[in-house]
Every structure is written in structure tokens, then in C-alpha cells.
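**Q** Below: sequence and its predicted model.
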Amino acid sequence: MTGDTHSNVLRTLRYDVPASLAVFLVAVPLSLGIAMASGAPLAAGLIAAVVGGV
């Protein structure tokens with residue numbers, strides 16, 4: 001990986017990581033509510049929120 005490519009990756013991650021965290025935080029209550037309403041374990045809702053954040 002060249003220096004230029006490395007800086008591009010870091011620049012991209014600088015914006016992608018906070019966006020991923022924001023999506024995760026919004027998805028947690030929604031995923032837990034859907035899991036509870038459908039009778040699925042709450043752990044399944046947390047896993048769905050993590051997958052949505054990634």
C-alpha cells in the first residue's frame with residue numbers, strides 16, 4: 001500500500017466510523033423493539049443492529 005492510498009483509507013475511515021456509530025445508535029431501539037414484538041430473543045435484535053451499523 002503506498003502512502004497516498006494509506007492516507008485515502010484513513011480519510012475515508014474518518015467519516016465512515018462516526019456514520020456507522022450513528023446508524024448503530026439509531027438501529028438499536030428499532031431492532032430491540034422489533035425483536036421484542038416478534039418474540040425473538042433480544043440478542044437477535046442486538047445482532048441485527050450491529051449488522052446494520054457495519
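**A** Thanks, I have the structure now.

**Q** Any idea how many residues pack against Val26?
**A** 13 (other CB atoms under 10 Å). C-beta coordinates here come from the backbone N, C-alpha and C atoms, glycine included.

**Q** That one sits in which helix or strand?
**A** Val26 belongs to helix 3-38 when assigned by DSSP states H and E.

**Q** And Gly52, by the same measure?
**A** Using DSSP H and E, the element containing Gly52 is helix 42-53.

**Q** same thing with Ala40?
**A** Ala40 is part of no helix or strand when elements are defined by DSSP H and E.

**Q** tell me, how many neighbours does the nearest residue to it once chain neighbours are set aside end up with?
**A** Leaving aside its sequence neighbours, Ala40 sits nearest to Ile34 (CB to CB, 6 or more residues apart in numbering; 8.0 Å). Neighbours of Ile34 under the rule other CB under 10 Å: 15.

**Q** Can you pull out the low-pLDDT segments for the chain?
**A** Low-confidence segments of the chain (pLDDT under 70): 1-3.

**Q** Tell me which residue is most central in it.
**A** Residue closest to the average C-alpha location in the chain (CA atoms, centre = their mean): Gly53, at 1.2 Å.

**Q** Counting by contacts, list what the helix holding Val26 packs against.
**A** Judged by 3 or more CB pairs under 8 Å, 6 or more residues apart in numbering; DSSP states H and E, the packing partners of helix 3-38 are helix 42-53.
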